[in-house]
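J.: Please work out how this folds:
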Amino acid sequence: MVCQLAITSMSLGRCYAGHSFARKLDAAAKYGYEGIELFHEDLADVAYKLSKETPSPSGPSQQAQLAAARHIWSLCQARGIQVLCLQPFSQYDGLLDRAEHDRRLEQLRFWFDLARELHTDIIQVPANFLPAQQVTEDLNLIVSDLREVADMGLQASPPIRFAYESLCWSTRVHTWERCWEVVRRVDRPNFGLCLDTFNIAGRIYADPTVPSGKTPDAEDAVRESIARLVRQVDVNKVFYVQVVDAAKLSEPLVLGHAFYDPEQPARMSWSRKCRLFYGEKNRGAYLPIREISEAFFRGLGFQGWVSLELFNRRMDDADWDVPDELARRGAISWAKLQKHMGFKTSMALSDKEHAFL
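T.: Numbering: from 1, shown residues only. Predicted structure coming up:
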């Protein structure tokens, strides 16, 4: 089984914590990562640093962003790292504000230019998670919106692919089943799935607002869901997968909890603070990620890019060693995953780090 390892650029420490993009790439290269999912926030940070522009709510100028994309590509090329995708093109599908819909499409056309400079053909689209009063309940409109971007991507030169992902806190499309229904109905060769272990388990197994941290009948829900996934999903429509876990909270994430944010769904706040790498049981990981991963790799027979999309409060720390620490932990996690799933790749781990396996 052939898989390639990538890590989300934000996973190595958020740009505003003071970790330069080059230092994060160095950490990724040191531990043998072959690619990155590039967060647009990282690109914007590089653009501001190179251009010396004053930060603006509208973001860096297009000229500055294109220069940043070229610079990022050169940094990646020098380290033997590919840009798997540019992400996230978010808060687009199903907007009730159709003027905003049109504005986002103009932004997307520019993202095509960024993708070309980054030498990637994938833009990741997470399902909309704006408040319910801003997002349609009409799945036909959501499908129509996404078919529109897919057709734009087919007309681009070179063509652009889109990886659509259901987040466990998305407003209308928050399960892989709903996500797959949308992909099937969009019915375009350049429109597929990003399957994420965390977001699958985070919806049907985990509930951070209750003491148990679990939904009712959590184990049965996962077993039934992954059986459906293996039966129904066409693996050729899975453009890449993300494999991470998360920590069980000691107290429910409700009003009064340190992570509580009245502006966010609880699952989103939990996701931003508490994700963990695969196999980090010693840090409190508790989701059925091995079972879901087996459905990806053994059930579907997925081969391709595997990304470690981590978000964790450790990323907000400005400690100098954060990028190296997270890259090393991800490498250990990957070695565990390849051992459990039965596929191999070389990773730059010491004998001491192999002891964690």
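
J.: Against residue 71, how distant is the residue nearest in space to the middle of the chain?
T.: Centroid-nearest residue in the chain, with Cα atoms, centre = their mean: residue 309, separated by 5.0 Å. For residue 309, the distance to residue 71 (Cβ to Cβ, to the nearest Å) stands at 23 Å. Heads up, the C-betas are built off the backbone N, CA and C, glycines and all.

J.: same check, this time on residue 129
T.: Counting by Cβ to Cβ, the gap from residue 129 to residue 71 is 31 Å.

J.: residues contacting residue 3?
T.: 297, 302-306, 338, 343, 345 (Cβ atoms under 8 Å, 6 or more residues apart in numbering).

J.: ranking the residues you listed by neighbours, who comes first?
T.: residue 306 (28 neighbours; other Cβ atoms under 10 Å).

J.: On the strand side of things, show who the closest residue to that residue other than its chain neighbours bridges to.
T.: In space, residue 306 comes closest to residue 3 once its chain neighbours are excluded; the distance is 5.0 Å by Cβ to Cβ, 6 or more residues apart in numbering. Bridge pairing for residue 3 (DSSP bridges) gives the partners residue 304.

J.: My read is that residue 244 contacts residue 280, right?
T.: No - using Cβ atoms under 8 Å, residue 244 is not in contact with residue 280; the gap is 9.2 Å.

J.: The two: which has the busier surroundings?
T.: With neighbours defined as other Cβ under 10 Å, residue 244 and residue 280 compare such that residue 244 has more, 28 against 20.

J.: Per-residue pLDDT of the more buried one, please?
T.: Residue 244 is assigned 97 on the pLDDT scale.

J.: hmm, back to that, and the contacts of residue 3 as CSV, adding distance to residue 274 and pLDDT?
T.: Formatted as CSV, those follow (distance: Cβ to Cβ, whole Å; pLDDT from 0 to 100):
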residue, distance to residue 274, pLDDT
297, 25, 97
302, 26, 96
303, 30, 94
304, 27, 95
305, 24, 96
306, 21, 97
338, 24, 94
343, 28, 80
345, 27, 55
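
J.: between the residues you listed, which is closest to residue 251?
T.: residue 306 (32.6 Å; Cβ to Cβ).

J.: For that closest one, what are phi and psi?
T.: Main-chain torsions, residue 306, degrees, to the nearest 10: phi -120, psi 120.

J.: so it makes contact with residue 239?
T.: No - using Cβ under 8 Å, residue 306 is not in contact with residue 239, being 11.8 Å away.

J.: shared neighbours, the two?
T.: Counting by Cβ under 8 Å, 6+ apart, residue 306 and residue 239 have no common neighbour.

J.: Columns distance to residue 16 on top of the contacts of residue 3, output as a markdown table?
T.: Rendered in a markdown table, the data for the contacts of residue 3 read as follows (distance: Cβ to Cβ, whole Å):
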| residue | distance to residue 16 |
| --- | --- |
| 297 | 35 |
| 302 | 34 |
| 303 | 36 |
| 304 | 31 |
| 305 | 27 |
| 306 | 27 |
| 338 | 33 |
| 343 | 36 |
| 345 | 32 |
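
J.: if I read this right, residue 89 contacts residue 108, doesn't it?
T.: Yes - applying Cβ under 8 Å, one finds residue 89 in contact with residue 108, separated by 6.3 Å.

J.: What is the nearest of the contacts of residue 3 to residue 173?
T.: residue 302 (20.8 Å).

J.: what about the closest one, is that helix, strand or coil?
T.: coil (DSSP: H, G, I helix; E, B strand; the rest coil).

J.: now swap in residue 147 and tell me
T.: Look at residue 147: counting by three-state DSSP, its state is helix.

J.: how far away is the residue nearest to it when sequence neighbours are not counted from residue 329?
T.: Sequence neighbours aside, residue 186 is the residue nearest to residue 147 in space, at 4.9 Å (criterion: Cβ to Cβ, 6+ apart). Residue 186 is 36 Å from residue 329, where distance means Cβ to Cβ.
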